[in-house]
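Chemist: Predicted structure and sequence below. I'll ask about it afterward.
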Amino acid sequence: MAESDGELLQGTLEMLVLRTLAFEPMHGWGIAHRIESMSGRVFLVSQGSLYPALVRMKRRGLLASEWRTTENNRRARYYGLTAAGRKQLHVERSGWLRASTAINAILNAHWALGET
Amino acid sequence: MSLASDLLERFRALWHRRRDEEELAEELRFHVEQQAAQHVSAGIEEDEARRLSQVALGGVEQVKEAVRDARGTRPLEESLGDMQYALRNLARNPGFAAVVILTLALGIGGTTAVFSAVDAVLLAPLPYDEPGQLVRLYGASVNDLSFRGFSSPVQFGAYREQLPSLESVAAILTYNTKGADVGAGEDVRRIRVLPTSANYLAMLRARPELGRGFQSEDENGSGIEDNVDAAPVVLLSHGFWQDQLHGDPGAVGRTLMMNGVAYTVTGVMPDGFKDPVAGAVDAWVPLDLSQARDPNEVGNHYLTVVGRLRRDASLARAQAELDGLSLRLAEQYPSIKEERARLYPLKEDIVGSSSRALEIMMGAVGLVLLLVCVNIANLMLVRGSERSREFALRTALGAGRTRIVRQLLVESLTLAMAGAMAGLLVARLAMAAIVVLGSGTIPRLASLSLNPWLLVFALAVAVGCAVVFGLTPAIRAARTQPGDALRDQSRSSTGGRRSLRVREWLVAWQVALAVILLVGAGLLLASFARIQRVPLGVKADHVLTFELNLPSARYDSMARAQFYEQIATALAALPGVRAAGGISKLPATGAYHQWGVAAISGPLAGDAQRGHIGAQNRTVSGEYFQAAGIPVLAGRTFTQGDDARAPDRVVVSKSLAEQLYPGTNAVGQRLHTGGRDSEIIGVVGDVAVDNEGRSDTYVYHAHRQFAGDRNWALMQVVATAGSATALEPAVRHALAEADPQLVMFHPIPLDEAIGQGAAQRVFTMRILLTFAAVALALSALGLFGVLSYSVKLRTREFGIRMALGAERADIGRMVLRRGLAVAAAGIAIGVCTALPLTRLMTSVLFEVSPLDPRVLLGAIAFMGLVAAVAAYLPARRATSIDPIASMRVE
């Protein structure tokens, strides 16, 4: 993943959205903003991929949405996790941890081999 | 995420399309403003901030498109568009849509209904355990192995013990149409009682829901007749138990009065149990088999034998055993040395002659379905070629080929679905009609219901046909160069010739199928006409009949002998009545009491070969011969003096007199039958044994002399000058005056009673006629359609021909000739195909050859006439073409 343009794979984006919404329901802009700030502005969420992803996840029953007013008294659509979404987050998170551990192991092993 | 919930969500999205769009716009607007606000707080100019956030969003419209894709409603939206377009298109051409839908409805509905009837009657198994193992045994003779006669108790006893391939063999009393009076006083009710061997129900593997069935010691003669010593037992049907005993759970052991005799209820059969041979039965009693070893009873055939084949035995092996046994019996009892017996699968026997009728109907259904498919194909092809210009135009304008094919698919499916719906409706209606038309004549028809698999089959065939032929033109259009198609249609005056040829062949086949159905229906019609004219030997119109039972408890044999004469006299005295009498079995309604008859005087006396014949024995009272219109040819009929004190006397039929007393006067001769020697006092005309006019020999006994033999519940026959049914109240009144407790059971005009056997043929004929009419209509429609289309295609050509001097009449003749050529080809194909097919109908035809030239010519002429009308209309249109206008058509 190139660090400068911060393009996320679709699956990864969905995992991050799920994680973001695990704290509290949030509107689209809030989700994008939070992912950016939590990743130290490494990941820039393109809105062109965020909103379709939200619709897809909603269709799959991972998210629910409702219209609420923000602190500034504006109407916005808030997304929240459903039970299925919470489960999906758990699945993807453990999958990711296993994968990244494995990848790290391989990367480190390569270095160790090179040393001998 | 399940597929269903995903689909549901997509449909929901489709439904809320507009709202979703508005909300998306608002959401994105909010996003941009939020972003801008953040930029502003970071110290960037407001305009610049908005621009930056717009850029970051990547263009609102692109985002919207991406979101729309993500909703997954695209394919649905497009299909919906196709459907709307299809509906608009069909509405523009309602005639076409109506014809297709009607054709499909007739095809799906009619065929499903008839198929269901065939399935219910012919294909559905008997409702007994392992029904395939059940067989029926018929008595036959060396000379006629296909004869279906009954068995004597001696024969039954042997069958029961000496046929190892049969797991069990049971018998029921053949003459089961007799009833019994239940109850006493004002509350008398007549029910149907079936005497059976003790193992009968066990053989069917049917168990009572209450109590027990019969045991072998019940066969000792405590039957329904009055020679009762032990306490007789009775098994009740579920319905009778409900009605008469109000479903009393303690019914077992209770006493039931039948014919004045106290019976002990031993059990109740479960709801829905139906006797396979006798049909609806109210109660079963044990058969009296005490004479099973009495050699005098060896020639007394009154049992219907049914058995169950052992699982490891074949029908052929059982038949071989039976053949061996028949030979052994023939050796042991010389009087039955000509008798053999045959086994038939019970199902084949029950469905019997209906089976061929139903197979024919099934064939007709197949033909109609085929015809419907051809018609649909034809219609779809015309429509396709009419629109090939439209497709070419759309292709030229850049429409994708898959898009055009898909749109046609949607159109075909829309039509097919509408046709299917209408088909369901037609199926429901046709089903109700079949039940009404066939009730009482086709066994087990009452349990008819639409078979869902057959419905699916017919739907699949018809819809598949519509789709395939709907798509063919689209695929063809997709292959041709749009430019060519456009040029071809506008410039060429005789374009589409090749597709026209295909369509003409399709119409020819339609005509052929219609001819086949016409020939089939015509043959049945001819058979039916023949049957109605067959001489039966009786005058069956204006005759009322009913059964009259005199309970043994109140009437002894003397009283019975007296009462039947008394009531005949009373009925004959009613105004309008010509004569009245009684008989043990109505004429021409089937064989009954076939007893051996031997001449004991005359030239054949003592001749074991020719002096012995089997004859129908009947017991008569009153002026039966006069009431039934049977002529007295020689001697006299019974009178007051022929009573129990007089020597036994009989009246015989003409054919019996000729066979047993050739060359001499039969009157005054003597014969032996029914266990007694009798003098012949008269000869009467021959009477058919069934409604197809099958002849047999008859011996008539006087009830006055025969009353002691058994309690004959004689059928009363009353001839009147007026209507038979109108006589009913007067007869009822006269009966009540004679004895108010007697029941006038099942009153019915004689011609109706005789005609019931023909009803099945009428049913088959009606269905075939309906199908033939549908086929005729469809093929006429097809011919008309294809000719009209060709006239439309050749409008310019005809215009040019006229402009060059052709007569209008010539043009008309040209079109007419073309149509008649197509019809002739179809008729030729139809006749050639029908000839081998009609041979399969032989068994349902009556005295009509399957190749009957009048029927064939009639079918040809009828089809030709209809074809001529169908061809005339387009021909007339061709003659009315205006040459000037026709050249400006484009």
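Modeler: Great, that's in hand.
Chemist: longest helix anywhere in chain A?
Modeler: Secondary structure of chain A per DSSP state H: the longest helix is helix A:83-115.
Chemist: In chain A, which residue is most central in space?
Modeler: residue A:16 (1.1 Å; C-alpha atoms, centre = their mean).
Chemist: Shouldn't it be within a helix?
Modeler: Yes. Checked against DSSP: H, G, I helix; E, B strand; the rest coil, residue A:16 lies within a helix.
Chemist: Quick check, it in contact with residue A:49.
Modeler: No. Contact criterion C-beta atoms under 8 Å: residue A:16 and residue A:49 do not qualify, at 11.5 Å. Every residue, glycine included, has its C-beta placed from N, CA and C.
Chemist: Where does the prediction get shaky in the stretch 401-550 of chain B?
Modeler: B:438-451, B:473-474, B:476-499 (pLDDT under 70).
Chemist: what about the closest residue in space to residue B:610 that isn't next to it in sequence, which SS state?
Modeler: Leaving aside its chain neighbours, residue B:610 sits nearest to residue B:604 (5.1 Å; criterion: C-beta to C-beta, 6 or more residues apart in numbering or on different chains). Judged by three-state DSSP, the three-state class of residue B:604 is coil.
Chemist: what does chain A put close to chain B?
Modeler: By C-beta under 8 Å from any C-beta of the partner chain, the part of chain A that sits against chain B consists of A:27-30, A:32-33, A:46-49, A:51-53, A:55-56, A:59-61, A:67, A:74-77, A:84.
Chemist: Make a ChimeraX selection of whichever of these turn out to be buried.
Modeler: Applying 16 or more other C-beta atoms under 10 Å in any protein chain shown to those, the buried members can be selected in ChimeraX as follows:
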select /A:27,28,29,30,32,33,46,47,48,49,51,52,53,55,56,59,60,61,76,77
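Chemist: Go through stretch B:714-729 and flag the buried ones.
Modeler: Under 16+ other C-beta under 10 Å, the buried positions of stretch B:714-729 are B:714, B:715, B:716, B:717, B:718, B:719, B:720, B:724, B:727, B:728.
Chemist: ok, now stretch B:399-419?
Modeler: Buried residues in stretch B:399-419, counted by 16+ other C-beta under 10 Å: B:404-416, B:418-419.
Chemist: Let me know the pLDDT of residue B:116.
Modeler: On pLDDT, residue B:116 comes in at 75.
Chemist: And what about it, helix, strand or coil?
Modeler: Residue B:116 - assigned by three-state DSSP - is helix.
Chemist: measure it to residue B:437 for me?
Modeler: 14 Å (C-beta to C-beta, to the nearest Å).
Chemist: More neighbours: the two, which one.
Modeler: When neighbours are counted by other C-beta atoms under 10 Å in any protein chain shown, residue B:116 and residue B:437 differ, and residue B:116 comes out ahead with 22 against 17.
Chemist: Quick check: the gap between that one and residue B:360.
Modeler: Going from residue B:116 to residue B:360 by C-beta to C-beta gives 16 Å.
Chemist: Report the closest residue of the stretch 201-350 of chain B relative to chain A.
Modeler: Here the stretch 201-350 of chain B gets closest to chain A at one residue, residue B:272, 48.4 Å apart by C-beta to the nearest C-beta.
Chemist: Next, give phi and psi for residue B:299.
Modeler: Note on residue B:299: backbone dihedrals following degrees, to the nearest 10 are phi -100, psi 10.
Chemist: ok, the residue nearest to it when sequence neighbours are not counted - contacts?
Modeler: In space, and not counting its chain neighbours, residue B:299 is closest to residue B:596: 4.3 Å by C-beta to C-beta, 6+ apart. Contact analysis of residue B:596 by C-beta atoms under 8 Å, 6 or more residues apart in numbering or on different chains lists B:299, B:335, B:612, B:613, B:614, B:615, B:673.
Chemist: Report the mean per-residue pLDDT for the helix or strand harbouring residue B:596.
Modeler: Per DSSP states H and E: residue B:596 is located in strand B:594-599. Averaged across strand B:594-599, the pLDDT comes to 85.
Chemist: send the alpha carbons of it over as CSV?
Modeler: In CSV, the C-alpha atoms belonging to strand B:594-599 read as follows (Å, rounded to 0.1, in the frame of the first residue of the first chain):
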residue,chain,number,x,y,z
GLN,B,594,-75.1,-67.5,-15.1
TRP,B,595,-76.2,-71.0,-14.4
GLY,B,596,-75.7,-74.2,-16.3
VAL,B,597,-78.7,-75.4,-18.3
ALA,B,598,-79.2,-78.9,-19.6
ALA,B,599,-81.8,-80.2,-22.0
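Chemist: strand partners of that strand, parallel vs antiparallel please.
Modeler: Take DSSP bridges as the rule and strand B:594-599 pairs in its sheet with strand B:612-622 (antiparallel), strand B:670-673 (antiparallel).
Chemist: Could you point out the helix or strand that follows the shortest one?
Modeler: Same thing as strand B:670-673. Counting by DSSP H and E, what follows strand B:670-673 is strand B:676-684.
Chemist: The longest one now?
Modeler: Downstream of strand B:612-622, the next assigned helix or strand under DSSP H and E is helix B:624-628.
Chemist: Residues contacting that following helix, please?
Modeler: With C-beta under 8 Å, 6+ apart as the test, helix B:624-628 has contacts from B:538-539, B:543, B:578-583, B:587, B:630-632, B:637, B:651, B:684, B:687, B:700, B:717-719, B:750.
Chemist: Quick check: helices, which of the buried residues of stretch B:714-729 are part of them?
Modeler: residue B:728.
Chemist: can you put the buried residues of stretch B:714-729 in TSV and add distance to chain A and pLDDT?
Modeler: Shown next, in TSV, are the buried residues of stretch B:714-729 (distance: C-beta to the nearest C-beta, whole Å; pLDDT from 0 to 100):
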residue	distance to chain A	pLDDT
B:714	81	90
B:715	77	92
B:716	80	94
B:717	81	95
B:718	81	96
B:719	84	95
B:720	82	94
B:724	76	88
B:727	79	92
B:728	74	91
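Chemist: Report pLDDT for residue B:695.
Modeler: 84.
Chemist: Quick check: bridge partners of it?
Modeler: Under the criterion used (DSSP bridges), residue B:695 bridges to residue B:688.
Chemist: Tell me how many other residues surround it.
Modeler: 16.
Chemist: Check the gap between it and residue B:813 for me.
Modeler: 57 Å.
Chemist: and what of residue B:628?
Modeler: In terms of C-beta to C-beta, residue B:628 sits 62 Å off from residue B:813.
Chemist: Who has more neighbours out of these two?
Modeler: Neighbour tally, residue B:628 and residue B:813, criterion other C-beta under 10 Å: the higher count belongs to residue B:628, 27 against 14.
Chemist: Find the nearest non-adjacent residue to that one, please.
Modeler: Per C-beta to C-beta, 6+ apart, closest to residue B:628 is residue B:538, 4.6 Å.
Chemist: Do I have it right that that neighbour meets residue B:589?
Modeler: No. Counting by C-beta under 8 Å, residue B:538 stays clear of residue B:589, with 10.6 Å between them.
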